[in-house]
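model this:
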Amino acid sequence: MAGNLVQQGATVICTHGGQAQMSVPNSRVTINGSATATTSNPWTISGCPGVTSASIPPCTTAQWSTGTTRVTSGGQPLVLSTGMATCLPNGVPAQVTVTQQKVTAT
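All right, here's what the predicted structure looks like:
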């Protein structure tokens, strides 16, 4: 599935609105000087309120399960805006809401 590569500084959020940040920037592939991310490294989530009325804990990390299939960096797939990520510990999805629009990949 084609999509835009996700770069450092992109806006990625959990379902509850917590902000996700890449924990290990991939400096091997950059877009306008900003590092990209591989799917092998988790993202850190901050500011997630969870759902206290339903006893759902706040999201703390997100792990990408799908990314590029034809373009890799160090043998690892890169994160795409159309890729799938799961937040832990509760399993809700994370989504990319703002990313660069110049570089696409499959």
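
which residues of the protein fall in strands?
3-4, 11-14, 19-22, 26-31, 34-36, 43-46, 61-64, 72-73, 76-77, 85-88, 93-98, 104-105 (DSSP state E).

Report all helices and strands that the fifth one contacts.
Yep, that's strand 34-36 we're talking about. Packing partners of strand 34-36 (3 or more C-beta pairs under 8 Å, 6 or more residues apart in numbering; DSSP states H and E): strand 26-31. Yep, even glycine has a C-beta here, placed from its N, CA and C like the rest.

buried residues in the strand it packs on?
By neighbour count with 16 or more other C-beta atoms under 10 Å, strand 26-31 contains the buried residues Asn26, Val29, Ile31.

Check these against Ala54 and report the nearest one.
Asn26 (35.7 Å; C-beta to C-beta).

What's the separation between that closest one and Gly47?
The spacing between Asn26 and Gly47, counted by C-beta to C-beta, to the nearest Å, is 24 Å.

Make sure Gly47 is actually in contact with Gly17.
Yes. Here Gly47 lies in contact with Gly17, judged by C-beta atoms under 8 Å, at a distance of 7.3 Å.

Thr52 is nearest to which of the strands of the chain?
Using C-beta to C-beta, the strands of the chain put strand 11-14 closest to Thr52, at 15.2 Å.

helices or strands next to the closest one in the packing?
Using 3+ C-beta pairs under 8 Å, 6+ apart: strand 11-14 touches strand 19-22, strand 93-98.

Contacts only, for the residue of the chain most remote from its centre.
Largest separation from the mean C-alpha position in the chain: Ser53, at 27.1 Å (C-alpha atoms, centre = their mean). Listed by C-beta atoms under 8 Å, 6 or more residues apart in numbering, the contact set of Ser53 is empty.
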